[in-house]
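K.L.:
coordinates only, no sequence provided:
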């Protein structure tokens with residue numbers, strides 16, 4: 001039991017030993033999760049160089065785990081609600097250990113196929129956080145749960161930052177991909193031992209019947225939608241294949257929704273998930289994903305552009321671009337760490353609105369004329385703080401609003417919504433950058449302005465949906 005005392009607006013909580021051990025265990029595991037995800041990204045070109053894989057082939061490095069995660073996240077998070085969160089974590093955490101070993105073996109033996117098999121196993125890593133958050137909410141309540149989940153989200157983001165920053169230095173020191181990633185499996189051995197010997201179990205008592213058809217239809221919808229958005233990246237907005245895939249995804253999605261509505265024990269209770277207490281949060285997550293997972297690449301190329309050649313940009317060298325992206329991620333971490341304080345001062349809805357407003361201010365000032373470094377500093381810091389607040393707040397708020405036996409799947413759908421938003425943005429922004437290209441094929445400032453405007457529109461949509469449609473201002477306490 002967690003004893004609490006309240007006086008005015010101040011609240012103190014004493015966390016029992018078991019709860020502290022649980023949260024500390026999860027924080028360590030999520031730090032490794034974030035580190036692993038961030039560490040591989042800068043090394044992708046090196047995989048191509050050493051294994052003889054071209055740019056199009058390298059896209060599979062992220063496409064495969066993303067597509068599989070579209071199936072695994074909803075399925076395993078719902079299985080956590082039914083079978084027990086630790087039970088499922090004991091499946092998905094060792095699976096990622098296998099993934100890291102296979103990726104290392106592929107790099108060591110020069111087998112791209114083996115690397116891709118490893119990346120397929122890596123599709124289980126997005127399952128971790130929703131299960132961890134659900135497990136925390138099953139063991140704690142109120143501010144303790146809020147503080148714990150915020151710490152988990154912040155730690156994972158911090159791990160991503162540390163992984164991204166360190167991989168290049170390690171590669172430069174060791175000289176090969178295999179040597180650079182050899183220690184990653186050891187980190188996941190620690191995670192596997194923690195989930196087997198330290199982490200407690202919790203079973204919600206949910207109905208144990210498994211709606212296989214519902215999961216299959218949801219998986220088909222997610223994969224077809226992601227493939228459709230990916231095809232748009234390759235073929236542009238006028239891609240016939242992309243259009244067919246997206247229309248197919250809509251048809252499957254409608255059929256899935258109608259099926260779940262009339263199923264007694266559905267894979268996903270659409271009456272709950274599409275209620276005004278939850279559905280606006282998923283729309284907000286899609287809007288967040290469309291901005292956060294889409295704008296970093298255009299920002300990097302914009303900052304790298306030489307104004308003497310293109311008429312825009314800052315002629316930043318790679319190290320300066322890395323600093324700018326580090327500031328964005330760092331501000332995201334800061335936002336997650338200060339989230340518990342914000343939730344003590346503001347209702348959950350108000351915190352989300354504030355996050356969207358800060359992000360909108362960042363993009364509005366970025367659209368205004370100017371070339372100074374202060375403009376860049378304001379943009380990266382405000383965008384990081386605003387989007388970081390949104391990304392940290394939603395997974396804290398969702399389990400508070402979900403029923404006890406749907407906390408896992410409810411939080412898992414947040415991850416899936418972000419993924420859909422990011423897939424949507426990938427194709428859209430590539431096409432927008434082609435607006436106003438010069439006869440020589442150079443991207444014009446008009447293309448970048450189109451990207452910033454659309455990012456702003458996504459933020460406005462998220463802001464309006466939360467402000468107008470989200471009900472229930474306060475998180476449970």
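P.N.:
It's in. All values derive from a computational prediction rather than experimental measurement.
K.L.:
give me every residue that touches residue 452.
P.N.:
363, 366-367 (Cβ atoms under 8 Å, 6 or more residues apart in numbering). (C-beta placed from N, C-alpha, C; glycine too.)
K.L.:
how deep is the closest residue to it other than its chain neighbours tucked in, by neighbour count?
P.N.:
Excluding its sequence neighbours, the residue lying closest to residue 452 (Cβ to Cβ, 6 or more residues apart in numbering) is residue 367, at 5.1 Å. Neighbourhood size, residue 367 [other Cβ atoms under 10 Å]: 15.
K.L.:
is it true that residue 367 touches residue 455?
P.N.:
No: with contact defined as Cβ atoms under 8 Å, residue 367 does not count as touching residue 455 (9.6 Å).
K.L.:
and the strands in this structure?
P.N.:
With strands called from DSSP state E, the chain shows them at 4-7, 10-13.
K.L.:
how is the chain divided into domains?
P.N.:
16-204, 212-266, 269-477 (automatic domain parsing).
K.L.:
for residue 285, which residues are in contact?
P.N.:
Counted by Cβ under 8 Å, 6+ apart, residue 285 has contacts 394, 414, 417-418, 421.
K.L.:
which one of these is nearest residue 40?
P.N.:
Nearest to residue 40 among the contacts of residue 285 is residue 418, at 18.5 Å by Cβ to Cβ.
K.L.:
for the lengthiest helix in the chain, list every residue counted as buried.
P.N.:
If you go by DSSP state H, the chain has its longest helix at helix 142-174. Across helix 142-174, burial judged by 16 or more other Cβ atoms under 10 Å covers 142-165, 167-168, 170-171.
K.L.:
how far away from the center of its chain is that helix?
P.N.:
Centroid displacement of helix 142-174 relative to its chain, using Cα atoms, centre = their mean, to the nearest Å, is 13 Å.
K.L.:
now do stretch 212-231
P.N.:
Using Cα atoms, centre = their mean, the offset of stretch 212-231 from its chain centre is 18 Å.
K.L.:
quick one: contacts of it?
P.N.:
Contacts of stretch 212-231 (Cβ under 8 Å, 6+ apart): 63, 66-67, 70-71, 74-75, 78, 239, 241-246, 248-249, 252-253, 255-256, 259-260, 263, 266-268, 416, 419-420, 423-424, 426-427.
K.L.:
list buried residues within the residues you listed.
P.N.:
Here, 16+ other Cβ under 10 Å leaves 63, 66-67, 70-71, 74-75, 78, 239, 242, 245-246, 248-249, 252-253, 256, 259-260, 263, 266-268, 416, 419-420, 423-424, 426-427 buried among the contacts of stretch 212-231.
K.L.:
residue 268: what's it in contact with?
P.N.:
Contacts of residue 268 (Cβ under 8 Å, 6+ apart): 74, 78, 214, 218, 260, 409, 413.
K.L.:
which single one of those is nearest to residue 184?
P.N.:
residue 74 (26.7 Å).
K.L.:
chain neighbours aside, what residue packs nearest to residue 297?
P.N.:
That would be residue 429: by Cβ to Cβ, 6+ apart, it lies 7.7 Å from residue 297.
K.L.:
OK, contacts around the residue lying closest to residue 95 once chain neighbours are set aside?
P.N.:
The shortest distance from residue 95 to any non-neighbouring residue, by Cβ to Cβ, 6+ apart, is to residue 124 (4.4 Å). Listed by Cβ under 8 Å, 6+ apart, the contact set of residue 124 reads 68-69, 72, 76, 91-92, 95-96, 99.
K.L.:
ditto for residue 340
P.N.:
Contacts of residue 340 by Cβ under 8 Å, 6+ apart are 143, 146-147, 150.
K.L.:
and stretch 375-383, how far from the chain's centre?
P.N.:
21 Å.
K.L.:
what do you get for stretch 352-362?
P.N.:
18 Å.
K.L.:
list the buried residues in that stretch.
P.N.:
Result for stretch 352-362 [16+ other Cβ under 10 Å]: buried residues 352-356, 358-362.
K.L.:
what's the answer for stretch 220-237, then?
P.N.:
220-233, 235.
K.L.:
one more: stretch 70-88?
P.N.:
70-86, 88.
K.L.:
now the two most distant members of the contacts of residue 340.
P.N.:
143 and 150 (10.2 Å).
K.L.:
so how far is stretch 292-302 off the chain centroid?
P.N.:
16 Å.
K.L.:
ok, residues contacting it?
P.N.:
312-314, 321, 324-325, 328, 380, 383, 387, 391, 418, 421-422, 425-426, 428-429, 433, 443, 448, 451, 455.
K.L.:
mind checking which of the residues you listed are buried?
P.N.:
So, by 16+ other Cβ under 10 Å, the buried ones in the contacts of stretch 292-302 are 312-314, 321, 324-325, 328, 380, 383, 387, 391, 418, 421-422, 425-426, 428-429, 433, 443, 448, 451, 455.
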